[in-house]
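> got a sequence here, can you build the structure:
(chains A and B)
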Amino acid sequence: MIARSLTWSRHNLFGKPFDVLLSLTVIPGTLWLIYQAVAWAVGMAQWDIIPQSLRVLMIGIFPADQAWRSWVAVAIIAALLGAALGCVFAFRTRHAGFLALVLAILVSMTGVNTLAALTAVLVIFASAWILTSYVPMSRRVLIPASFTGLIAIFAVMSPPGAGLWGGLLLSVLLTLVTAVLSLPIGVLLAFGRRSRFSSLRMISTAYIEVMRSVPLILVVYWIWILMPVLTPELNLADVVRGMVGFTLFYSAYVAEYVRSGLQAVPRGQTEAARSLGMSEFDINRSIVLPQALRVVVPPLVGNVLDIFNAAPLVFIIGLTDFLRAGQMILANPQYGNRTYEVYSFLFFTYFLVGSLITFVARKLEAHLARGSR
Amino acid sequence: MTLEHTNATGLTVERDLTVARRRRNRIRYHATQLAVVVAALALVVLFAVAVKEGLARHGIKFSFSFLWDAAGFDISEGKTFVFDSGFWLGFSDFTSDRSIAQAFVAGIVNTIKVAVLAIVLSTVLGTLLGVGRLSTNWVVRNLSFWCVEFVRNTPLLIQLVFWYFAVVLHFPPIAAAAKFYGVIISQQGLYVPALTWQGEGSAVAIALASACWVAVLGLVFDRHRTTRWICLGALVALPSLMLATGTLALDFPVASKFQASGGTSISPEMAALLLAIVFNSASYIAEIVRGSIDALPKGQWEAAASLGLGRRDTVNDIILPQVFRVVLPSFGNQYISLTKNTALGIAIGYPELFNIYGTIANQTGHSLEGIVIVMASYLILSWIISAAVSWADRRLSNPGAMR
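Modelled structure (predicted):
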């Protein structure tokens, strides 16, 4: 044992003079940093602020007596995510134990009074996962179901006022809506960019290039001030205007991903379909697009991470997303000295969600690469 | 068999049909083309009319003449072009009696300042991190991996506000600031020694400065490696000569009780924005560098090893030169997104272009005209970066080199 670890460290830590130098400087520095961080987290940090303000962090200023609405929204989101997961990875019995572990961790973090609601959400997640794993018919209705689900979320969440949406739920909703809506627009733009008609090609290219050269924050702000000027009678909520801005911006990115996928489809496919006498529209819809989308699923999941990471930018139009909710708590003079506790929690949650999305993207990439071999 | 049934007429008829079909297709093509153009134009006109009416309802007129009005607000830091001394274009601090156009210029200058510094620093740090991820040292490899993963999987905005509110604003106040070698790190900002020009009117000084400029040009543009080395040597020797003769002087910052004077100062906002953007971009650049090192054929490593090159020589002379040719386009994209990211400076109050636009829109109400200017500025910045990168790409790529 000792001999093996000695061999290991000789190979991996002290292989060459430069490695010895690096190890001798980096290891003590890292250990010291870890010691400082742990000492602070265990000894000095007052973590009680997190459970106390958990509701604000999760749903912002959404009224507490209406919190059941946000639970319904969370359940719908869980169902959609579970159903999407089932299309790629089949549910296995060992996953049930994993879900139970997640439940235990979440309940231990949030307190016992959320046990029932969290259990319900996870059961819905698992049943949607099982449904799409073993009933192939249900995969066909996934796209209409996701649109219906988003509309249902809007219907449930709207009555108290769309201006009250906030917290982590707002970030997730914004990400979901943008990801779902930017896909069809992006596909249209990608086809427009390689259309036979030079005018369509030019318009699509100009749109994509302009959107990719300006900052997202500018687009969101621009849409936000422009929409009341254009449609004064509609009086749209800030949230909706933010979603429109995000969708218009990310459509350009989705279009570029889809275009790279379209280029990856061999020419022979189109030619074979054409020689079978299919119309151009049919070729694109049922031969080219499915193969192209299959290639670009991993980068599109990466794009979802980009959207989620960009969601805090809605502070510019006065919305209270997860980050802003944390800052709101810190603005309370009573909690003024808890900066590091709150930021640690925010960083931890963002990193958790982000790593989860990255993990799914990597798994998908491996999965799809195996399928096409 | 009658004439109608022979092949000859059949061919003619078919040819006529083909011609007719071709013509029909051509007409359909042009008709669609026209319809698209008309629809796009109609959309633009409709949009313009709707905006104009919407603005008229609020009593605002769409015009750019507000650009020449006096600004009437101050910017915490920022230099702009001025025409005070008659013919010559000057460059001095923005004050509230300057025009709004000059405020925009100050914003663009601030954006470019952060972008250029961040591009240089993040390229260096990113390359180090990317090479670190492939290090033979287990600790360095894993440390680089987790740093990159952490930064890439969290939003830039939270990194930015963390750097500002939790790091930079927790630096010691200037009276108790950390000082070493003339660098002062404090809540009120970072102070570094600055080079100042003392050679007013001296012919020798001007000659030396011109020689420096020629050396810079030679270093960047000359095709011969030896000449470039000579230029680099001259660039080290000439400034030291100028320092020795007193044409250039180092101006050290001096800390008093509440502020420091002398030297060059970096405001806390700029420091936080720079730190956040450099670390963020460096992680993405590290990922690009690692990806392209991994993508190089293994034969390159093996050939270098069989020639007896050590690992450091292999990386420096075999791997990185090839990698830099492959990664340049990706670096260009990263530089563009870095420049766009500077717009987040508004979250901590750094007066970059978007922040100044916000102030102007609040003060004058001309938010739509301002948007046009800001969008155009970012477009031009992006174009400049991609032109520069493709220039460097063409210059670095040897004919016949592996792509």
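> in chain B, mark out all the strands, start to finish.
Using DSSP state E, the strands of chain B run over B:79-82, B:90-93, B:178-180, B:183-186, B:189-192, B:194-197, B:248-251, B:254-255, B:260-261, B:264-266.
> in TSV: those strands, plus mean pLDDT and mean neighbour count.
Backbone N, C-alpha and C define where each C-beta goes, glycine included. Formatted as TSV, the strands of chain B follow (pLDDT from 0 to 100; neighbours: other C-beta atoms under 10 Å in any protein chain shown):
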stretch	mean pLDDT	mean neighbour count
strand B:79-82	78	18
strand B:90-93	73	12
strand B:178-180	72	11
strand B:183-186	80	19
strand B:189-192	80	22
strand B:194-197	76	13
strand B:248-251	75	16
strand B:254-255	72	16
strand B:260-261	69	16
strand B:264-266	81	17
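> return the distance of residue A:37 relative to residue A:344.
Per C-beta to C-beta, to the nearest Å, residue A:37 is found 9 Å from residue A:344.
> helices or strands up against the lengthiest helix in chain B?
The residue-count maximum for a helix in chain B (DSSP state H) belongs to helix B:7-57. If you count contacts as 3 or more C-beta pairs under 8 Å, 6 or more residues apart in numbering or on different chains; DSSP states H and E, helix B:7-57 packs onto helix A:198-213, helix A:216-230.
> below-threshold pLDDT in the chain: ranges please.
You didn't pick a chain, so chain A it is. Judged by pLDDT under 70, chain A has its weakly predicted residues at A:371-373.
> right idea, wrong chain: chain B
For chain B (pLDDT under 70), the answer is B:1-13, B:84-90, B:199-201, B:256-260, B:262, B:397-403.
> just the CA coordinates for the helix or strand residue A:281 falls within, please, in PDB.
Here residue A:281, judged by DSSP states H and E, is contained in helix A:280-283. What follows is helix A:280-283, C-alpha atoms only, in PDB (Å, rounded to 0.1, in the frame of the first residue of the first chain):
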ATOM      1  CA  GLU A 280     -37.500  20.000 -51.400                       C
ATOM      2  CA  PHE A 281     -39.700  20.700 -48.300                       C
ATOM      3  CA  ASP A 282     -40.200  17.000 -47.600                       C
ATOM      4  CA  ILE A 283     -36.400  16.300 -48.000                       C
END
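> and the angle for the following helix or strand past that helix with helix A:216-230?
Sequence order places helix A:289-310 as the next helix or strand after helix A:280-283, per DSSP H and E. Here helix A:289-310 points in a direction 100 degrees away from that of helix A:216-230 (axes from the mean of the first three to the mean of the last three C-alpha atoms, to 10 degrees).
> residue contacts, residue A:126?
By C-beta atoms under 8 Å, 6 or more residues apart in numbering or on different chains, residue A:126 lies in contact with A:82, A:91, A:95, A:96, A:99.
> please read the previous query as pertaining to residue A:95.
By C-beta under 8 Å, 6+ apart, the neighbours of residue A:95 are A:126, A:129.
> element containing it, please.
helix A:93-110.
> show me what counts as buried in the top helix by length along chain A.
Across chain A, the longest stretch assigned as helix under DSSP H is helix A:339-371. By neighbour count on 16 or more other C-beta atoms under 10 Å in any protein chain shown, the buried set for helix A:339-371 is A:339, A:341-347, A:349-351, A:353-355, A:357-358, A:360-361, A:364.
> so it, near chain B or not?
Yes - residues of helix A:339-371 contacting chain B under C-beta under 8 Å from any C-beta of the partner chain: A:339, A:340, A:343, A:346, A:347, A:350, A:351, A:354, A:355, A:357, A:358.
> who touches the fifth one in this structure?
The neighbours of residue A:347, taking C-beta under 8 Å, 6+ apart as the test, are B:154, B:158, B:162.
> 10 Å instead?
A:326, B:150, B:153, B:154, B:155, B:158, B:159, B:162 (C-beta atoms under 10 Å, 6 or more residues apart in numbering or on different chains).
> which of those residues fall in helices?
A:326, B:150, B:158, B:159.
> measure the last one to residue B:393 for me?
What that stands for is residue B:159. 30 Å.
> try residue B:152
As for residue B:152, its distance to residue B:393 is 25 Å (criterion: C-beta to C-beta).
> ok, residue B:134 next?
Distance of residue B:134 to residue B:393, given as C-beta to C-beta: 24 Å.
> same thing with residue B:128?
22 Å.
> could you list the buried residues of stretch B:68-78?
Buried-residue list, stretch B:68-78, by 16+ other C-beta under 10 Å: B:71, B:75, B:77, B:78.
> and these as JSON lines, adding distance to chain A?
What follows is the buried residues of stretch B:68-78, written out as JSON lines (distance: C-beta to the nearest C-beta, whole Å):
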{"residue": "B:71", "distance to chain A": "21"}
{"residue": "B:75", "distance to chain A": "19"}
{"residue": "B:77", "distance to chain A": "21"}
{"residue": "B:78", "distance to chain A": "19"}
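> can you count the residues close to the closest residue to chain B within the stretch 1-150 of chain A?
Across the stretch 1-150 of chain A, no residue is closer to chain B than residue A:12, which sits at 3.8 Å (C-beta to the nearest C-beta). Counted by other C-beta atoms under 10 Å in any protein chain shown, the residues lying close to residue A:12 total 16.
> what does the stretch 151-300 of chain A have sitting close to chain B?
Neighbours of chain B within the stretch 151-300 of chain A, by C-beta under 10 Å from any C-beta of the partner chain: A:171, A:192, A:195-203, A:209-210, A:212-219, A:221-222, A:225-232.
> how does it look with 7 Å?
Counting by C-beta under 7 Å from any C-beta of the partner chain, the stretch 151-300 of chain A comes close to chain B at A:197, A:199-200, A:203, A:210, A:213-215, A:217-218, A:222, A:225, A:229-230, A:232.
> tell me how far the ends of stretch A:311-321 are from each other?
This stretch, stretch A:311-321, spans 8 Å end to end (C-alpha to C-alpha, to the nearest Å).
> tell me what angle the host helix or strand of residue A:72 forms with helix A:339-371.
Take DSSP H and E as the rule and residue A:72 turns out to sit in helix A:67-88. Counting by the same axes, to 10 degrees, helix A:67-88 points 30 degrees away from the direction of helix A:339-371.
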